[in-house]
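Asks: no sequence for this one, just the structure:
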């Protein structure tokens, strides 16, 4: 079964019951990491950078992210186990959005504001464009920046809200926390609504590592410690 998952050689050290844990993942995130049918919260995992997925799994295990179900599932897994799971989902083809999840219509003015923040940011407030780090097509950046399009609206609201309030945190410099604290609640809702309604483009794979130089320092991206002038 592990061979069928096409796991890399280093994953052989992971316990042979990995598929049982993948089955647990599938309950909420879908059989191919596409997000559970009808869910308005659980994100799709398929096609996201393995480095990003591994970082999140570690955060759930070690307390950097707080979601009881995920913390419970991760609590006894070592890094080899988590890396095997991350590589499995990263290798799957991405889906556009959570199947059958309703998409709320964003008011035109708010949708335009969201698009402006995503494409251009707001220099006067120190807000970089989302596309500057997540890519022009918002497909993410290897090894640790995820795609944004097609994620459930409520999931995006929860994550941005968590960064804004300190519930979700990362190593310093925590670039997403810095950005989220500068966003107004209405902007967070508009961004989440706009992103949740967007289609993936082909081939919609994360950009190659180092191909984008993010405009601010971020602990999750070693090459972003030296930012653009």
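Replies: Perfect, I can see it now. As the structure is a prediction and not an experimental result, all values here were calculated from the model. Numbering: from 1, shown residues only.

Asks: tell me what the host helix or strand of residue 114 is packed against?
Replies: Residue 114 is located in helix 108-119, with elements delineated by DSSP states H and E. Other elements packing on helix 108-119 under the criterion 3 or more C-beta pairs under 8 Å, 6 or more residues apart in numbering; DSSP states H and E are helix 130-134, helix 185-196. C-beta: built from backbone N, CA, C; applies to glycine.

Asks: For the residue nearest in space to the middle of the chain, give me the pLDDT.
Replies: Nearest residue to the geometric centre of the chain (C-alpha atoms, centre = their mean): residue 146, 4.1 Å. Predicted confidence (pLDDT) for residue 146: 92.

Asks: just to revisit the earlier point, out of the helices and strands packed on helix 108-119, which is closest to residue 31?
Replies: Closest to residue 31 of the helices and strands packed on helix 108-119, according to C-beta to C-beta: helix 185-196, at 21.4 Å.

Asks: How about the closest one, which residues are buried there?
Replies: Along helix 185-196, these residues count as buried under the neighbour rule (16 or more other C-beta atoms under 10 Å): 187-196.

Asks: Columns distance to residue 21 and pLDDT on top of those residues, output as a markdown table?
Replies: As requested, the buried residues of helix 185-196 are exported to a markdown table (distance: C-beta to C-beta, whole Å; pLDDT from 0 to 100):
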| residue | distance to residue 21 | pLDDT |
| --- | --- | --- |
| 187 | 37 | 95 |
| 188 | 32 | 96 |
| 189 | 34 | 94 |
| 190 | 36 | 94 |
| 191 | 32 | 96 |
| 192 | 29 | 93 |
| 193 | 33 | 91 |
| 194 | 34 | 91 |
| 195 | 29 | 91 |
| 196 | 28 | 87 |
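
Asks: Out of these, the closest to residue 211 would be?
Replies: The closest of the buried residues of helix 185-196 to residue 211 turns out to be residue 195 (C-beta to C-beta; 21.5 Å).

Asks: The closest one and residue 151 touch, don't they?
Replies: Yes - counting by C-beta atoms under 8 Å, residue 151 is a contact partner of residue 195 at 6.2 Å.

Asks: pLDDT below threshold where in this structure?
Replies: For the chain, the stretches flagged by pLDDT under 70 are 1-17, 36-39, 96-104, 200-203, 222-229.

Asks: domain assignment for it?
Replies: 3-90, 108-225 (automatic domain parsing).
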